[in-house]
Structure formats: C-alpha cells, structure tokens
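**Student:** need a 3D model of the following:
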Amino acid sequence: MNVFLAQLLNGLDKGGAYALIALGLTLVFGTLGVVNFAHGALFMLGCFCAVTFRYLITLETVTVDPEKLSPWGAPVEVRTPLVQNWFGDFGAVLVDYSVPISILLAIPVMLIIGIAIERGLIKHFYKRSHAEQILVTFGLAIVLQEIVKSFFGANPVPQPIPTDLRGAADIGMWFGMAPHVLTYPWWRLIYLLFSGLVIGGVFAFLQFTTFGMVVRAGMADRETVGLMGIDIDRRFTIVFGLAAVVAGVAGVMYTPLLAPNYHLGMDFLVLSFVVVVVGGMGSLPGAVAAGFLLGILQSFASMTEVKSLIPGIDQVIIYLVAVIILLVRPRGLMGRRGIMES
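**Tutor:** Predicted coordinates for the structure are as follows:
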C-alpha cells in the first residue's frame, strides 16, 4: 500500500509538469489554431530565467581578510554575494530562495517573449497548413535552443532547493500512519501544489473574467466575435503570451528537480504533444486530465516489479496508451467532434 501511494505521488508530480506544458499548447491550438512546436523551448527558457536570476544575485564582491591566512601564509580572499552586502540577512534569503523568487522575473520576460513571437512570426501562419506551422515553430525552437547553448553552454546548470525545503515530508503521519512509513520530498509536493494552483488559475481566468469569456467565444466562433466589434486578434496575442508564461513558470519551478540544459525543451516537447493528442486537441480539461493520467501510468510502469515483467515498458507506456486511445477514439479523451477524425 505504501509503495502504491508513493508511486501515485510520483505520477501526480510528473503529471503536473506534463499538464502545465500541455495546457499552454492546447490554449494556443484552441484559440489560434496553431500547432506550436516551439512550446517546449518556452519551458526551457523559463528554466533559464531561474538560472539567470541566480547568476545575477550571486555576483560576488571579493575582499582580502589580512587576519585570516591560508596554509601558505597568504591572506584569504572572502567572497560575498552583492545582495548579501546590500541587504544583509535578507540578501542571504534571496540567494537561498532564488528559484521561487525568480518567478517574478520569469512572468514579465516570458510574457514579452510570447507576445513578440506571436506578433513577429506566428500571426503570419494562422491561415497556413499545420505542416507549415510545425516546420516554422520547430525551426524557431532550434534557434532558441542554440541561442541558449551559446550563452549557457552545453552542460546542465543545477539549481539548488531552498535550504528549508530540502528533505522529505512524513506524509504517512498526516493520515495516521506510523512515522517514516510514507515520506515524500518537500519540493516535489510543492511543485504538485504549484501545478494545481496554476491550472486552477488559468481555468478561473477563462471561466470567470470578461476577457476569458471573449476568448472562449473566439475559440468557438472567431468570425462572429469579430463581427461584434471585438478586437479578438489582440486578445489572442495576449493568450499566446499567457501560454508562454504558463510554460515559463512551470520550467522555473522544475529546475531543482532536473538541471536545466539547452535541449530540455525538446525532451518535454514530444511528451507534451502526446499528452495534448491523448486529451483531445483544443480541449483544456482533456490536456490536464491526460497529463496526470499519463504521469501516473509512467510512474507505475517504472516500478521494478513491472519492468522485470515487461522490460523497457516505462519508456514506451505513454506512446502505447496514445496509440490505443487514438485507435479507439481519434479525437482524444475530451476532444471536440470532428478534430482529428475523418
């Protein structure tokens, strides 16, 4: 039972990342009708927002302490982050919590990047075929990947978990179990909670705001909304920026779990597209449900007992499920009728 619960938590944690990326992809496809193969690169750029922020706040001043000598008799160099010199203990907290605080940098940066990509490139391909959209956005993803590689190098750049959030939570005790029977890393629990909050926030924004109501109407009938005098193109531009922000903040919070590298976006791109297709192209609830479902299935497939019975199943389980669902229901779990159906 404890193993089952642990794998379920692993699956929900992994599914949260899949759902966040797939949510942005589905939002773009549902509103703009664009298949955005650069969306994984936006996740990667979010990761490097965290890397950049930490680099900036850990810039150091170097002073020489004549009272401290090295074993060779030379004065010892003392390196102190600038923010710690400026703000004292609060500066040390900023350095320690650089990952979650870097969300404040990622939100405006990703919004600007998203709007720039939509206005500068994507808007010219609204009426083109999906094949052309895939080619141009895939090319954009490669360009962004190479730009990041040129600045940050080819090696992963690990980001630390804040000191107070390291270690594991004794989840078993929350449910009346004996101590240390079921533990789970604090940061993974935080990421799961963060995923839920972002997903809930996006759905609430679309459901309960006037802006969201217009966007949902535009998703259903863009021409009619335009005839009512509403500048739907401007709103869709903001939606693309919102999708970029969702991908970016998902990347920021994922950095302590997986060290950022320049090809991280491509690694998540294929999985996220499988999630979108399984959930149903254009269906936001479908993307979220499929993300968590496939995350849970992948988690259980990675158990030693399962892999001993079917070697390598953890590597292909997502694709097997996708094939089965698309054979039985081509439009996906919650896709609209007619999408991806002949």
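
**Student:** ok, I21 to E223 distance?
**Tutor:** 30 Å (C-beta to C-beta, to the nearest Å). No exception for glycine: its C-beta is placed from N, CA and C like everyone else's.

**Student:** these two: who's more crowded?
**Tutor:** A side-by-side neighbour count of I21 and E223, using other C-beta atoms under 10 Å, places I21 first with 30 against 8.

**Student:** quick one: residues contacting the more buried one.
**Tutor:** Residues near I21 by C-beta atoms under 8 Å, 6 or more residues apart in numbering: H39, G40, F43, A247, A250, F268, S272, V275, G291.

**Student:** measure the fifth one to M173 for me?
**Tutor:** For A250, the distance to M173 under the criterion C-beta to C-beta works out to 30 Å.

**Student:** more neighbours: which of these two?
**Tutor:** Neighbours were counted for A250 and for M173 using other C-beta under 10 Å; A250 has more, 27 against 14.

**Student:** and the residue nearest to I230 when sequence neighbours are not counted, how close does it get to V306?
**Tutor:** Distances taken as C-beta to C-beta, 6 or more residues apart in numbering put V214 closest to I230, at 5.9 Å, once the chain neighbours are dropped. Relative to V306, V214 is positioned 47 Å away (C-beta to C-beta).

**Student:** quick one, which of the two is more surrounded?
**Tutor:** Set side by side, V214 and V306 show more neighbours around V214, with 18 against 15, by other C-beta under 10 Å.

**Student:** contacts for stretch 289-309, please.
**Tutor:** With contact meaning C-beta under 8 Å, 6+ apart, stretch 289-309 is reached by 3, 7-8, 10-23, 271, 274-276, 278-280, 313-314, 317-318, 321, 332-334.

**Student:** now do the contacts for V321.
**Tutor:** So V321 contacts V278, L293, L294, L297 (C-beta under 8 Å, 6+ apart).

**Student:** so which residues of the protein form strands?
**Tutor:** In the chain, the segments counted as strands under DSSP state E are 60-69, 75-81, 168-170, 183-185.

**Student:** where does the protein have low pLDDT?
**Tutor:** Filtered on pLDDT under 70, the chain yields the residue ranges 1, 62-78, 219-222, 336-342.

**Student:** before we move on, the earlier item: so what's the residue nearest to I230 up against?
**Tutor:** Neighbours of V214 in contact, by C-beta under 8 Å, 6+ apart: V225, I230, I232, R235.

**Student:** ok, now which ones touch the third one?
**Tutor:** For I232, the contacting residues are V214, G218, R222, V225, G226, taking C-beta under 8 Å, 6+ apart as the criterion.

**Student:** just the buried ones from the contacts of V214?
**Tutor:** V225, I232, R235 (16 or more other C-beta atoms under 10 Å).

**Student:** rebuild the contacts of V214 as CSV, extending it with distance to N155.
**Tutor:** Supplementary listing: the contacts of V214 in CSV, determined by distance: C-beta to C-beta, whole Å:
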residue, distance to N155
V225, 48
I230, 48
I232, 44
R235, 41
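
**Student:** nearest to E132 among those residues?
**Tutor:** I232 (22.2 Å; C-beta to C-beta).

**Student:** how close does the closest one get to G226?
**Tutor:** 5 Å.

**Student:** now N261
**Tutor:** N261 sits at a distance of 42 Å from G226 (criterion: C-beta to C-beta).

**Student:** more crowded one of those two?
**Tutor:** Remark: of N261 and G226, N261 carries more neighbours, 20 against 13, as counted by other C-beta under 10 Å.

**Student:** in contact with the nearest residue to M44 once chain neighbours are set aside, which residues?
**Tutor:** Nearest non-adjacent residue to M44, counting by C-beta to C-beta, 6+ apart: G265, 3.4 Å away. Residues in contact with G265, defined by C-beta under 8 Å, 6+ apart, are G40, A41, L42, F43, M44, L45, A141, L144, Q145.

**Student:** am I right that the first one is in contact with H263?
**Tutor:** No - contact between G40 and H263 fails when scored by C-beta atoms under 8 Å: they sit 9.5 Å apart.

**Student:** between those two, who's got more neighbours?
**Tutor:** Per other C-beta under 10 Å, whichever of G40 and H263 has more neighbours is G40, with 29 against 16.

**Student:** tell me who's in contact with the nearest residue to that one once chain neighbours are set aside.
**Tutor:** Once flanking residues are discounted, G40 sits nearest to L269: 3.1 Å by C-beta to C-beta, 6+ apart. Residues near L269 by C-beta under 8 Å, 6+ apart: F37, H39, G40, A41, A141.

**Student:** how much space between the closest residue to F194 other than its chain neighbours and V157?
**Tutor:** In this structure, F194 finds its nearest non-sequential neighbour in M253, 5.4 Å apart by C-beta to C-beta, 6+ apart. Computed with C-beta to C-beta, the distance linking M253 and V157 is 15 Å.

**Student:** out of the contacts of L269, who has the most neighbours?
**Tutor:** Of the contacts of L269, with other C-beta under 10 Å as the count, A41 tops at 32 neighbours.

**Student:** if I look at that residue, how far off is G248?
**Tutor:** With C-beta to C-beta as the criterion, A41 and G248 are 11 Å apart.
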